[in-house]
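**Q** Everything below, folded, please.
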Amino acid sequence: MKIFKILTLPQWEDFQKDKIFKGSEIDLDDGFIHLSFSNQWENV
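**A** As a prediction, this is how the structure comes out:
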């Protein structure tokens, strides 16, 4: 089973540069990292 984290291009670029991901704005607001299964990511 694979899970996916959907990022904006700027988020992906920051991750590539910093090599760390602390969460998107919604992740930080909700207190957890939002992930999707392969059958969900197109709706995100």
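**Q** For residue 5, give me phi and psi.
**A** phi -120, psi 120 (degrees, to the nearest 10).
**Q** ok now do it, which residues does it touch?
**A** Contacts for residue 5 (Cβ atoms under 8 Å, 6 or more residues apart in numbering) come out as 21, 33, 34, 35, 36. Glycine gets a C-beta too; all of them are placed from N, C-alpha and C.
**Q** Residue 6: which of those is nearest?
**A** Closest to residue 6 out of the contacts of residue 5 is residue 36 (6.4 Å), distances taken as Cβ to Cβ.
**Q** Assess the claim that the closest one and residue 44 are in contact.
**A** Yes. With contact defined as Cβ atoms under 8 Å, residue 36 reaches residue 44; the gap is 5.4 Å.
**Q** who's more crowded, those two?
**A** Counted by other Cβ atoms under 10 Å, residue 36 and residue 44 do not tie: residue 36 has more neighbours, with 15 against 10.
**Q** and the closest residue to that one other than its chain neighbours, how many neighbours?
**A** Leaving out its chain neighbours, the residue that sits closest to residue 36 by Cβ to Cβ, 6 or more residues apart in numbering is residue 4, at 4.9 Å. Neighbour count of residue 4, defined by other Cβ under 10 Å: 12.
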